[in-house]
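Chemist: can't give you the sequence, but here's the structure:
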């Protein structure tokens, strides 16, 4: 591949350890990259508000959040929300299944109909109607049979991915990590073949194949390992940082 000018990495289960921490070693390696003129970017399913501490520590040169629903590079901000009509039509179908847990990510607030222990959220009892003035960037659905149901009922203009083996994420067809990666690289004048992408889950696979080199951590799902060019040590062993230090610095 060409000389590496950009590193793009997923966060959870890739750059971050399982306890959601960034090791001092990883931080030092990424800061060294920036000193050497290599752009360091993130592409994550998380909303912007939940990556603030990592961005403050590393100082990302570009960020794709909510699986590509929002892309930020310098002063440039691009958003790809679900049109309200499409969102409410999809939510109406989901609401018919009381056994499904679901929530709606608006970028600022996560709204949920029911109690979801692992999330920080605001209750909203008027679903399928969206909260007044809000845009849905992601609809999150979980429960037995949720993935099959969503795939069978997706309207044109929407797509979905499954994260962590159970959480179905419904987004605009334009909200994909690969699109965010393309936008970030275009904004800084770097070609895809000059970038390395690190990931672990389904929504990382396209980006790994889009960039010059796709690297999977050892804890990745088998489908991601199958498309990776390189497999490195796990997230808990600082696999991303070790590979960078050994090959780029």
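Modeler: Sure, I can see it. Predicted, not measured: the structure shown is a model, and the values here were computed from it.

Chemist: and stretch 231-244, what's buried?
Modeler: Judged by neighbour count (16 or more other Cβ atoms under 10 Å), stretch 231-244 contains these buried residues: 232, 234-236, 238-241, 243-244. For every residue, glycine as well, the C-beta is placed using N, CA and C.

Chemist: residues in contact with it?
Modeler: 7, 9, 13-18, 23, 25-26, 29-30, 33, 198, 200, 215-220, 225, 230 (Cβ atoms under 8 Å, 6 or more residues apart in numbering).

Chemist: got phi/psi on residue 195?
Modeler: phi -120, psi 150 (degrees, to the nearest 10).

Chemist: state the distance from it to residue 99.
Modeler: 42 Å (Cβ to Cβ, to the nearest Å).

Chemist: of all the buried residues of stretch 231-244, which two lie farthest apart?
Modeler: Largest separation among the buried residues of stretch 231-244 by Cβ to Cβ: 236 and 244, giving 16.5 Å.

Chemist: buried sites along stretch 37-44?
Modeler: Buried, per 16+ other Cβ under 10 Å, within stretch 37-44: 38-44.

Chemist: and stretch 164-173, by the same measure?
Modeler: Buried residues in stretch 164-173 (16+ other Cβ under 10 Å): 167-172.

Chemist: so where is the protein shaky, pLDDT-wise?
Modeler: 1 (pLDDT under 70).

Chemist: okay, now the domains of it?
Modeler: 6-79+175-247, 84-172 (automatic domain parsing).

Chemist: what's the most buried one of those?
Modeler: Using mean count of other Cβ atoms under 10 Å, the stretch among those with the largest mean neighbour count is domain 6-79+175-247, at a mean of 20.

Chemist: appreciated, that's everything.
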